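>>> sequence plus predicted model, see below.
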Amino acid sequence: MSYTLKIAWRYFFSKSRQTVVNRINNIAMFVIVVATASLMIVLSGFSGLKEFGLSYSSVFDPDYKILPKQGKIILIDSYALKKLKKISAIKSMSPILEEKVFLSFNDKSKVAYLKGVSSDYLTVIPADSLVAVGEWLIPDTDCIVSGYSIGASMDLGVYDYNNFLSISVPQKSANVNLRRSPFFTKKAVTVGLYQISEDIDRKYVFSNISFARKLFQYPNNTYSAIEIQTKPDVSQKELNHEIERLIGDNFILKDRVELNSALYKMLNTENIAVYLIFTLVLIIAMFNVVGALMMMILDKKSEIRIFNAMGATPDKLRNIFFLLGILISIIGGTIGIVLASIAVIVQQTSPFLYVPGTSLPYPVKWEFENFIIVVLTLTILGMITSAWASRGVKKLSITKLDQ
């Protein structure tokens, strides 16, 4: 250990004869602890909110989804589907048909997406467990499972065989004359209402894929997408290569993040904004360290004179107070991180904060990534602050101490 670090260490723990200097040092340490703890807690809270929000979309979205590279449909026969299922990385898969439709029930109407699925769909997404009222799709019937928000807004009744839901799409035939309706309509009965999140509940209606094929007027072997559940630790690049080898390259393979790219971008942008705001708070807190170091330099003027007489160079004298500023920042920050980590872990295991008006614990998540971000931010700001505050020691040692 160099003598500059030993002196800085001694100054950190020693008390000044002037009470005001001690109070300024204590305030600087306290502010660093609070600011660092705040940054760690806010980042952990946002991580919890992010995980909580994405948990709803992750329930609904598959691990991977094969989408057409061009157009709205993929042409793939049953033999090719069987070959895809034999890929070792794929645990289960299900082709789907999905398009925007016009719903009408009694005097109410709404635009939504109809998602036609096969019986294999439940092996990819356990959608039957999300049904809040009624049941999941009955095979080989013209029935639908609606989102709870759609059902509530249109007053859909479950098992209401006296009032059928009308589902319409534009006619795809080129021979439609002016006397015929430009829309093709089929009727279905609602057998269930699912509930995931408000955004999804008001967007999707499920049906059997045979019903969707007739409604959309698509031939056999045509699908909108293929949803895939994979085994753990599957490489997207390798999976894409295997699929391309079997069915060609006329498709795009997207994972869950890419399927929700807008949502992830929004959450990442908000995370950066929160980080910058609380980093600004930490920067303001660092001004207390500047004040504390300047007071320490003035308080230790006589000792600096002695060190100068003993042969200590101005750079060495400056290094003493630079290291002292680093110690204040690092030790104060460490205390703040430890206190914040304890609070976050306690909230995760034994919640003591709840979302106002509910019994839902406020979501938080301790992440090593957040820990590294806080440590790096604290270290960089501490070094910049200490270098700035200790720059006057050179001038003090060269001029004032020689007088």
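Received, thanks.
>>> off-centre distance for the strand or helix carrying residue 150?
Element membership of residue 150 [criterion: DSSP states H and E] is helix 148-154. Computed by CA atoms, centre = their mean, to the nearest Å, the chain-centroid distance of helix 148-154 equals 28 Å.
>>> what's the first helix or strand after that helix?
Note on helix 148-154: by DSSP H and E, the next helix or strand toward the C-terminus is strand 165-170.
>>> what are the boundaries of the helices in the stretch 251-400 of the chain?
Counting by DSSP state H, counting those that start in this stretch, the stretch 251-400 of the chain has helices at residues 256-259, 261-299, 301-309, 314-349, 368-389, 392-398.
>>> where's residue 168 relative to residue 224, distance?
For residue 168, the distance to residue 224 equals 18 Å [CB to CB, to the nearest Å]. (Each C-beta comes from the backbone N, C-alpha and C, glycine too.)
>>> the more surrounded of those two?
Comparing residue 168 with residue 224 by other CB atoms under 10 Å, the one with more neighbours is residue 224, at 20 against 17.
>>> let me see the contact set for the closest residue to the more buried one other than its chain neighbours.
Excluding the flanking residues, the one nearest residue 224 by CB to CB, 6 or more residues apart in numbering is residue 98, at 4.4 Å. By CB atoms under 8 Å, 6 or more residues apart in numbering, the contact set of residue 98 is 113, 114, 115, 116, 212, 224, 225.
>>> what's the longest strand in this structure?
Ranked by residue count, the top strand of the chain under DSSP state E comes out as strand 90-105.
>>> buried stuff in the helix holding residue 150?
Going by neighbour count (16 or more other CB atoms under 10 Å), the buried part of helix 148-154 is 148, 149, 150, 151, 153, 154.
>>> now swap in stretch 377-386 and tell me
For stretch 377-386, the neighbour count (16+ other CB under 10 Å) marks 377, 378, 381, 382, 385, 386 as buried.
>>> contact partners of it?
36, 39, 279, 282-283, 286-287, 289-290, 293, 321-326, 328-330, 333.
>>> what helix or strand is the closest residue to residue 142 other than its chain neighbours on?
Distance criterion CB to CB, 6+ apart; nearest residue to residue 142, sequence neighbours excluded, is residue 188 at 4.8 Å. Using DSSP H and E, residue 188 sits in strand 183-194.
>>> tell me the strands beside that strand, with direction?
strand 131-134 (antiparallel), strand 143-147 (parallel), strand 165-170 (antiparallel) (DSSP bridges).
>>> what's the most buried one of those?
Among the strands paired with strand 183-194, the stretch with the highest mean neighbour count (mean count of other CB atoms under 10 Å) is strand 143-147, at a mean of 26.
>>> which residues does that strand contact?
Under CB under 8 Å, 6+ apart, the answer for strand 143-147 is 112, 114, 127, 131, 134, 136-137, 156, 165, 167, 188-196, 200-208, 211.
>>> hmm, which of these are the buried ones?
Buried among those by 16+ other CB under 10 Å: 112, 114, 127, 131, 134, 136-137, 156, 165, 167, 188-194, 196, 200-208, 211.
>>> re the thing from before, return the alpha-carbon coordinates of the helix holding residue 150 using CSV.
The C-alpha trace of helix 148-154 is given here as CSV (Å, rounded to 0.1, in the frame of the first residue of the first chain):
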residue,chain,number,x,y,z
TYR,A,148,-62.9,-10.9,-21.7
SER,A,149,-62.7,-7.2,-22.8
ILE,A,150,-64.4,-8.1,-26.2
GLY,A,151,-67.0,-10.1,-24.4
ALA,A,152,-67.8,-7.3,-21.9
SER,A,153,-68.0,-4.6,-24.6
MET,A,154,-70.3,-6.6,-26.8
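>>> quick check, nearest of the buried residues of stretch 377-386 to residue 217?
For these, the minimum distance to residue 217 (CB to CB) is 57.9 Å, reached by residue 377.
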